[in-house]
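Colleague: structure here, sequence nowhere to be found:
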């Protein structure tokens, strides 16, 4: 330990000290940037500076996959091995890289030159297979064709409301123009802004589809000395990459949405919590916040950017609060709900990036005009993240109400002129559709009727040649890796589910595995604390209904 | 405020600050618990106390949910029993329950088989014997969180232990796996007192179980007692 020089640490973490425990994740990020990993003496110094117990600092480092308490290579290559990338031979790519550099997955070369890590979804599903490289602190992302300091954005669709400024690099404030929605909101009473959002019929686009206006109303009427607005940019649902494009290409739309929310509920502080796997977005956001501040939009509302550290669970709103507060990302028991007891126990509105991007549109045009897009019960534009076996994967903006067939047609149909096997809807926490569902309208109400979740807008396509057992095996691994371990059904259920799906994929199903898998799935669904556990079996259970023959011995 | 509602079809009255678990116990209705302990903050992690509440999408933990007027609560519905039985079966495929008599009793009551999950990866670790007061046998740990809670702000404010890993691979641990004497532990013994499975055990009890005789233990202790 004596060879580690702690002198540069103090200045690197100084600005987080006044934040106390809440400064823990930013301080650990800063320390890791300095040393490449988090040695004991460094973790100890961070603990002392922030006045957090040593054991608690250890617990936090252990929880987040991107914090390391063992030495890491100066260069780290992370290869996404989740569903969309697996279809583009991510396993082969990982094996080739390991062979080329003579290291095993998760292994660091002896001279600390290189570490290769198989990674959960990197949010670049349309560019699969995705690789994220950090070389001496510099990051690069690469896909099948090129290496770059930011992923390219493939944006399509018959309407371009939310994605108007997407597809051509980052939109500056000058190009974005004035915050017209915010300017209009400021001429209205906060109650009228909330009423407009309610009238628009906007519901959350992160996966839970909760009515945004009702959320805002709750936080608006709550009495407190401090309220918060949080943008949930911890996009980690396998198959989802919409928020990456929205933030990277058009950060001001989200910031304007946050400013309107802050005005409506009376919040003076806000956070953008962005996943650690999107490092290339952080400078873009910092710059955009600075632009907004210079233009006078942040006079009564200050925005801080917080960076996650490799934990899917932190997309769950209460786990995200815990993470900002400097703790392990354990979801809280609800009620109480965030609108009254959110971040630091204060009333909080937390919205997904895409949800916030709808807000300026609604206020600027008025709810009535906004509702002209989409259907009666699912108004507005919707983004779909199309990946897998299609000719033209990418982000598609459509009005609610187009059919799955329409979306597939826009994406050039199933790739290589093959037939459709299935579509994973809503991500890992979603469910499978088949060709029988091609004419279902992509709305909340129509999809609900056929038991398909819209989720975060994932449309992952599998052609007729795909082995669905391999897809399920990866889903099982994903959830076992990402379960926080707080409640028993999910902590053990995701492990048991993975074990059973593993042996089924290996052709070694045991007698009664079908019933076993079902009992584990139902128990997770019925008894888990949060949405992760409650949906960890969703795709598996839907596959068991569609293809029961895949789950039996022989 | 007094509230009236139905529990297993029976009309019960309670105070609105009472939990469903409280009300059930007052009315002679048995709801099993594992992580719950009177002295610690209820976190509803084990989910063995879940009940079905009409109108709720998912099962509700009785140790947390408060009584309310006109509730309809089922403490033994088909869903509840399936969840409890499956949780117990997963537990027995995960850890050593040999000293958890209460849980063994529950397994019998719910017809839970300890062979339900063949070829399951079990959480097994070596016994940590690193201090004169207690041993830590995490093969027996079911992550009820009680020890971490009493070590922190539920009782002692010592903050010597927290968690290693996450998910299924979670284990109770110290800062960089330090031995207990190198941590802030004050050997208060509260964690040992609240451990439900024998994962934490007094050193003396452990040695006696290992077949070490009281005389030998006494000899082990004498050296330090002598005055200079």
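Modeller: Yes, it's here. Quick caveat, the model's predicted, so the values are computed rather than measured.
Colleague: make it CA atoms for all contacts and neighbour counts henceforth
Modeller: Will do.
Colleague: so where is the stretch 401-550 of chain A shaky, pLDDT-wise?
Modeller: For the stretch 401-550 of chain A, no stretch is flagged by pLDDT under 70.
Colleague: spell out which residues of it are next to chain B.
Modeller: A:480-489, A:491-496, A:499, A:516, A:519-520, A:522-523, A:525-529 (Cα under 8 Å from any Cα of the partner chain).
Colleague: out of those residues, which are inside helices?
Modeller: Among those, the ones falling in helices (DSSP state H) are A:480-482, A:488-489, A:491-496, A:499, A:516, A:519-520, A:522-523, A:525-527.
Colleague: ok, and what's touching stretch A:25-38?
Modeller: By Cα atoms under 8 Å, 6 or more residues apart in numbering or on different chains, the surrounding residues in contact with stretch A:25-38 are A:9, A:12-13, A:16, A:42-43, A:46, A:67-74, A:137, A:306-308, A:323-324, A:326.
Colleague: next one: stretch A:184-191
Modeller: Counting by Cα under 8 Å, 6+ apart, A:193, A:260, A:263, A:264, A:265, A:363, A:364 sit against stretch A:184-191.
Colleague: in JSON lines: these, plus distance to residue B:133.
Modeller: Conversion of the contacts of stretch A:184-191 to JSON lines gives the following (distance: Cα to Cα, whole Å):
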{"residue": "A:193", "distance to residue B:133": "62"}
{"residue": "A:260", "distance to residue B:133": "58"}
{"residue": "A:263", "distance to residue B:133": "57"}
{"residue": "A:264", "distance to residue B:133": "57"}
{"residue": "A:265", "distance to residue B:133": "54"}
{"residue": "A:363", "distance to residue B:133": "65"}
{"residue": "A:364", "distance to residue B:133": "68"}
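Colleague: now, which of those residues lie within helices?
Modeller: Within those, membership in helices is found for A:193, A:260, A:263, A:264, A:265, A:363, A:364, as judged by DSSP H.
Colleague: give the residue spans of chain A that score low on pLDDT.
Modeller: Scanning chain A with the threshold set as pLDDT under 70 gives A:1-2, A:144, A:554.
Colleague: now do 90
Modeller: Filtered on pLDDT under 90, chain A yields the residue ranges A:1-3, A:109-112, A:135-149, A:552-554.
Colleague: how does it divide into domains?
Modeller: Each structural domain of chain A that the record assigns through automatic domain parsing is listed here as a residue range: A:9-63, A:75-148, A:176-370, A:381-463, A:468-551.
Colleague: just give me the residue closest to the centre of chain A.
Modeller: A centroid search over chain A (Cα atoms, centre = their mean) returns residue A:235, at 1.2 Å, as the residue closest to the centre.
Colleague: who are the contact partners of that one?
Modeller: A:123, A:241, A:243, A:244, A:274, A:275, A:315.
Colleague: repeat for residue A:203
Modeller: Under the criterion of Cα under 8 Å, 6+ apart, the contact partners of residue A:203 comprise A:209, A:210, A:211, A:212, A:213, A:355.
Colleague: then residue A:120?
Modeller: Neighbour list for residue A:120: A:80, A:81, A:82, A:238, A:478 [criterion: Cα under 8 Å, 6+ apart].
Colleague: so what's the residue count around the residue nearest to residue A:454 when sequence neighbours are not counted?
Modeller: Nearest-residue entry for residue A:454: residue A:426, 5.1 Å, with adjacent residues in sequence omitted and distances by Cα to Cα, 6 or more residues apart in numbering or on different chains. Counted with other Cα atoms under 10 Å in any protein chain shown, the burial measure for residue A:426 works out to 27 neighbours.
Colleague: shouldn't residue A:426 be in contact with residue A:451?
Modeller: No. With contact taken as Cα atoms under 8 Å, residue A:426 and residue A:451 are classed as non-touching, separated by 11.5 Å.
Colleague: contacting residues for residue B:64?
Modeller: Taking Cα under 8 Å, 6+ apart as the definition, contacts of residue B:64 comprise B:19, B:20, B:21, B:42, B:43, B:44.
Colleague: before we move on, the earlier item: buried subset of the contacts of residue A:203, written for PyMOL?
Modeller: Paste this into PyMOL to select the buried members of the contacts of residue A:203, with burial taken from 16 or more other Cα atoms under 10 Å in any protein chain shown:
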select buried, chain A and resi 209+211+212+213+355
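Colleague: in a markdown table, list the contacts of residue A:203 along with distance to residue B:151.
Modeller: Formatted as a markdown table, the entries for those read as follows, by distance: Cα to Cα, whole Å:
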| residue | distance to residue B:151 |
| --- | --- |
| A:209 | 40 |
| A:210 | 38 |
| A:211 | 41 |
| A:212 | 40 |
| A:213 | 42 |
| A:355 | 41 |
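Colleague: list the buried residues in stretch A:439-459.
Modeller: Under 16+ other Cα under 10 Å, the buried positions of stretch A:439-459 are A:440-447, A:452-459.
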